[in-house]
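Undergrad: This is the structure alone, sequence omitted:
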């Protein structure tokens, strides 16, 4: 019986990948593995990890191979774990692995090694891979992304609760990136939109823009930030994961009423204010300038 036949069920589960230890356990000798590599039937993608001919290189194999390389000693973490969980649309170029302190596998191309102890609560096995569970994955991925607040907001909407993320943060205080993660959590925890409005006001003041009113009455509504003379309304959305259906509908009704009354309506999110402040200021200036040209 050929090695490929002996390993067939495993190869199906592992996208065509097999480790040397797995091959030997299935009854394939190390010498046979070496012959397969020399003949081109198997490709060595990492030390002691092979891709069997007929199976393509994919994002799945790119993330799974490092996990097989370290075996049960480590876990996929960071953006690679976020992609494996379905929290990111694309796999990253660099696969991060978290391994125990004192474990010193030789560095490999396109693999980032983190050495630390992980609580069992922060680990999960998914489709044959050990990786950080969703709460810690969401937190650590947000901490390294440029638009980390956008990613964390979506994760809180679709994948994991704030309470679980906060608990993961507490368990991993002091780890690399925890300061940035803490900043994001503080922002996400502010259930009112007051933090977003304060940030918008700070931008206006720093830019020297005047003529605005905070909480300007408009019928039965209040405009977050209004320029009454220019009929420019600025509406600030906080973190989307806080927004319920009723709040969403009320905001849209207010927006429609403003447009009917010929106000120029600008909407910005928390993420615009934190990641694209220049864009926010430029849009407000443009709206005010357009009023002057009328």
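TA: Right, received. Where do you want to start? A quick note: this is a predicted structure, and the numbers were derived from the prediction, not measured. Numbering: from 1, shown residues only.

Undergrad: First residue to last residue on stretch 224-239, what's the distance there?
TA: One end of stretch 224-239 sits 15 Å from the other (CA to CA, to the nearest Å).

Undergrad: Work out the gap between it and the centre of the chain.
TA: 30 Å (CA atoms, centre = their mean, to the nearest Å).

Undergrad: What of stretch 149-160?
TA: 7 Å.

Undergrad: Go through it and flag the buried ones.
TA: Judged by neighbour count using 16 or more other CB atoms under 10 Å, the buried positions of stretch 149-160 are 149, 150, 151, 152, 153, 154, 155, 156, 159, 160. The C-beta positions use only the backbone N, C-alpha and C, and glycine is treated the same way.

Undergrad: now those as JSON lines including pLDDT?
TA: Formatted as JSON lines, the buried residues of stretch 149-160 follow (pLDDT from 0 to 100):
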{"residue": "149", "pLDDT": "87"}
{"residue": "150", "pLDDT": "86"}
{"residue": "151", "pLDDT": "92"}
{"residue": "152", "pLDDT": "90"}
{"residue": "153", "pLDDT": "87"}
{"residue": "154", "pLDDT": "88"}
{"residue": "155", "pLDDT": "92"}
{"residue": "156", "pLDDT": "90"}
{"residue": "159", "pLDDT": "94"}
{"residue": "160", "pLDDT": "93"}
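
Undergrad: Quickly name whichever of those residues is closest to residue 204.
TA: Checking the buried residues of stretch 149-160 against residue 204 by CB to CB gives residue 149 as the nearest, at 20.3 Å.

Undergrad: before we move on, the earlier item: out of the buried residues of stretch 149-160, which comes closest to residue 119?
TA: residue 160 (16.2 Å).

Undergrad: Quick check: phi and psi at residue 217.
TA: Backbone geometry at residue 217, expressed as degrees, to the nearest 10, gives phi -70, psi 140.

Undergrad: and if you look at the one 4 residues further on?
TA: The phi and psi values for residue 221, taken as degrees, to the nearest 10, are phi -110, psi 170.

Undergrad: Was I right to think it contacts residue 256?
TA: No: using CB atoms under 8 Å, residue 221 makes no contact with residue 256, being 10.8 Å away.
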